[in-house]
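>>> sequence-free structure coming up:
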């Protein structure tokens, strides 16, 4: 559900506003009502500081050094972050230079350590150019030694390294190579010095990373607090010739008493009002533990607007069921449950435990769906001796296909029902009658063409439903226009059938996962017949194949239910979205946020 918000308008003396905002931040109950303002110098400076600290944390994290206790360190003894960043850039340049030197040394090693100045003197005395060549020894033509003034210097790894004393205008058999201008000894000496420099810089930076990491996280939180406070102060409006400062803020209704007590203690004059229709209050969700697990999934699309309903509680059971049907294997479900349970036991204080709990539920759903399809690691459970007694409960492909369509039909009806309820609550019953008509129409059509239980009643109700759709198409526009919109809305029947067909993917993905499991088992059995290595290959194919199938099928089983939720269900339920999360002005350095 969406937590109701109350708008507070607080009146302050300009001299008291900064101190008051500090105290308001310590309380952490409100979000300041924001307006479009330009960035001032302080905002830019604080933002730059935050980026600098985040970059330092990112670089230090790569070093994998153990952070020391922050309380025993005097941070004034260390250089500024800008100086440390300069050292990092210096280290990167040194590493790049070392790599360049290594390539040049590799080029010169086959030639040995020769003096380039001596080569130049030879060229001056003989009037010939000294050219260097590298060529595969097996393709080297011995006649070249007779035709040219050629000397083989070395043969390394099947390549001949030779020089030719080239006469002026003499054509060469090959294109010469270009060697570095420095000698091998000088390059090796330079690389030795560079490596020492790299070692020194790494040692110093590792020390900084160990001693400063914890402190940097604290500094980052403080800098973000300063920026949040400054931005909040920027939103304060001045009226009556700057004699009164006005602060507008949103507060969750459950926190109203706490905030009122604080404002009374501070002797602040304030006014509370409910949100108007033109305002867009921030959105704070509050759900039971089960629904709360699915809030991150809904947030991937958008938060609901304050003026509509939170659909998390409505799509959560369907999403759980859809995932199970798409994966649909008892064995895979057991693996997911066991793996996530072990991770939860190992990470008792992890902030991601809620995601592991969600994965456990998805695994349980997969087990239940696998029992319906009768699939265990790609094996047909009905053909296994242990499960023969349960074979009557397993559904064949035709029944699974019909089940997918039936579930899709139910969710479409449910979505239309949610939209009808929203319209009735927020706009009035007349606006909901069209959607109620669609629900009755679809149920009547199913009875008339599939169930045939109450055909006479369904035939009468169908015409009543059509009348509701046509007459109440757009009640706010007047009767004639409303009827016109209603007639046009009848075309929506094709869209609803298209939505229904989308749910076939629940069946298709479950079948594809089972077929891939069967293929893995078939390959593993074939490998088992190989002499000596057969059993090892059998296990290897089973483990690798089923792991790959589990990962790929789990990804599909997560993505496609999201698609059904965000497209089909959200559309039929009239979800608009676009809400902004409630972000209270709070000192995060020592206080927990309301949003958690």
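Looks like it came in fine. Here the structure is a predicted model, which means the values were calculated and not measured.
>>> got any ranges where the stretch 251-400 of the chain has weak pLDDT?
Across the stretch 251-400 of the chain, not a single residue meets the criterion (pLDDT under 70).
>>> what about residue 566, how many residues close to it?
18 (other CB atoms under 10 Å). From N, CA and C alone the C-beta is placed, and that goes for glycine too.
>>> residues contacting it?
residue 301 (CB atoms under 8 Å, 6 or more residues apart in numbering).
>>> Shouldn't it be within a strand?
No - Residue 566 is assigned helix when assessed by DSSP: H, G, I helix; E, B strand; the rest coil, not a strand.
>>> Tell me the pLDDT of it.
pLDDT for residue 566: 93.
>>> can you give me the strands in this structure?
5-12, 31-32, 129-136, 150-156, 159-166, 237-239, 244-252, 269-273, 375-376, 379-380 (DSSP state E).
>>> Check the ones you listed for me: which has the lowest mean pLDDT.
Among the strands of the chain, strand 237-239 scores lowest, with a mean of 74.
>>> mind checking pLDDT for residue 484?
80.
>>> Surely it and residue 470 touch.
No - Residue 484 is beyond contact range of residue 470, at 9.2 Å (criterion: CB atoms under 8 Å).
>>> which of those two has more neighbours?
Using other CB under 10 Å, the more surrounded residue of residue 484 and residue 470 is residue 470, with 19 against 15.
>>> longest single helix anywhere in the protein?
Counting by DSSP state H, the longest helix found in the chain is helix 184-234.
>>> How about the contacts made by the closest residue to residue 441 other than its chain neighbours?
Once flanking residues are discounted, residue 441 sits nearest to residue 465: 3.9 Å by CB to CB, 6 or more residues apart in numbering. Neighbouring residues of residue 465 by CB under 8 Å, 6+ apart: 437-441, 444.
>>> I'd like those residues laid out as a markdown table, including pLDDT, neighbour count and distance to residue 125.
Below are the contacts of residue 465 laid out as a markdown table (pLDDT from 0 to 100; neighbours: other CB atoms under 10 Å; distance: CB to CB, whole Å):
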| residue | pLDDT | neighbour count | distance to residue 125 |
| --- | --- | --- | --- |
| 437 | 85 | 26 | 106 |
| 438 | 83 | 26 | 101 |
| 439 | 86 | 19 | 103 |
| 440 | 86 | 18 | 108 |
| 441 | 86 | 23 | 105 |
| 444 | 86 | 22 | 108 |
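>>> Leaving out chain neighbours, which residue sits closest to residue 343?
Nearest to residue 343 is residue 356, by CB to CB, 6+ apart, at 5.5 Å.
>>> List the residues that contact the one you found.
Contacts of residue 356 (CB under 8 Å, 6+ apart): 340, 343-344, 347, 350.
>>> What of residue 412?
442, 496, 499-500, 568-569, 572.
>>> returning to what we had before: of the contacts of residue 465, which is the nearest to residue 262?
The shortest approach to residue 262 among the contacts of residue 465 belongs to residue 439, at 47.8 Å (CB to CB).
>>> Just confirm that closest one contacts residue 420, I think it does.
Yes - under the criterion of CB under 8 Å, residue 439 makes contact with residue 420 at 7.0 Å.
>>> Neighbours of the residue nearest to residue 298 when sequence neighbours are not counted, how many?
Using CB to CB, 6+ apart and skipping residues adjacent in sequence, the residue nearest residue 298 is residue 312, 4.9 Å away. As a burial measure, residue 312 scores 23 neighbours (other CB under 10 Å).
>>> Quick one: residues contacting residue 312.
Contacts of residue 312 (CB under 8 Å, 6+ apart): 285, 287, 291, 294-295, 298.
>>> Which one of those sits in the busiest neighbourhood?
That'd be residue 298 among the contacts of residue 312, by other CB under 10 Å, with 25 neighbours.
>>> List the contacts of residue 442.
Residue 442 touches 409, 412-413, 416, 496, counting by CB under 8 Å, 6+ apart.
>>> Sorry, slip of the keys, the one I care about is residue 216.
53, 56-57, 60.
>>> and if we set it to 6 Å?
53, 56-57 (CB atoms under 6 Å, 6 or more residues apart in numbering).
>>> swap in residue 573?
Shown in contact with residue 573 (CB under 6 Å, 6+ apart): 415, 418-419.
>>> Apply 10 Å and report the result again.
308-309, 311, 314-315, 411-412, 414-422, 435, 565 (CB atoms under 10 Å, 6 or more residues apart in numbering).
>>> Could you check how far it is from residue 304?
10 Å (CB to CB, to the nearest Å).
>>> Could you name every residue contacting both of those two?
By CB under 10 Å, 6+ apart, the residues touching both residue 573 and residue 304 are residue 311.
>>> if I pick the residue lying closest to residue 4 once chain neighbours are set aside, what's in contact with it?
Leaving aside its sequence neighbours, residue 4 sits nearest to residue 253 (CB to CB, 6+ apart; 4.1 Å). Contact partners of residue 253, counting by CB under 10 Å, 6+ apart, are 3-6, 272, 274, 284.
>>> sorry, back to before: out of the contacts of residue 442, the closest to residue 475 would be?
Nearest member of the contacts of residue 442 to residue 475, counting by CB to CB, is residue 416, at 17.4 Å.
>>> got a list of what that closest one touches?
434-439, 441-442, 496, 572-574.
>>> same thing with residue 279?
5, 7, 33, 250, 273, 306-307.
>>> These, buried ones only, as a ChimeraX selection?
Filtering those down to the buried ones (16 or more other CB atoms under 10 Å) takes a single ChimeraX command:
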select :5,7,33,250,306
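>>> which of the contacts of residue 279 sit farthest apart?
Across the contacts of residue 279 (CB to CB), the longest gap, 16.7 Å, separates 33 and 307.
>>> any idea of the pLDDT on the closest residue to residue 183 other than its chain neighbours?
Once flanking residues are discounted, residue 183 sits nearest to residue 113: 5.9 Å by CB to CB, 6+ apart. The model reports residue 113 with a pLDDT of 87.
>>> what does the one 3 residues further on give?
The confidence metric pLDDT takes the value 83 at residue 116.
>>> who are the neighbours in contact with the closest residue to residue 221 other than its chain neighbours?
Spatial nearest neighbour of residue 221, excluding adjacent residues (CB to CB, 6+ apart): residue 589 at 4.8 Å. Taking CB under 10 Å, 6+ apart, we find residue 589 in contact with 218-222, 224-225.
>>> Emit the ChimeraX select command for whichever of those residues are buried.
Here is the ChimeraX command that selects the buried residues among the contacts of residue 589 (16+ other CB under 10 Å):
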select :219,220,224,225
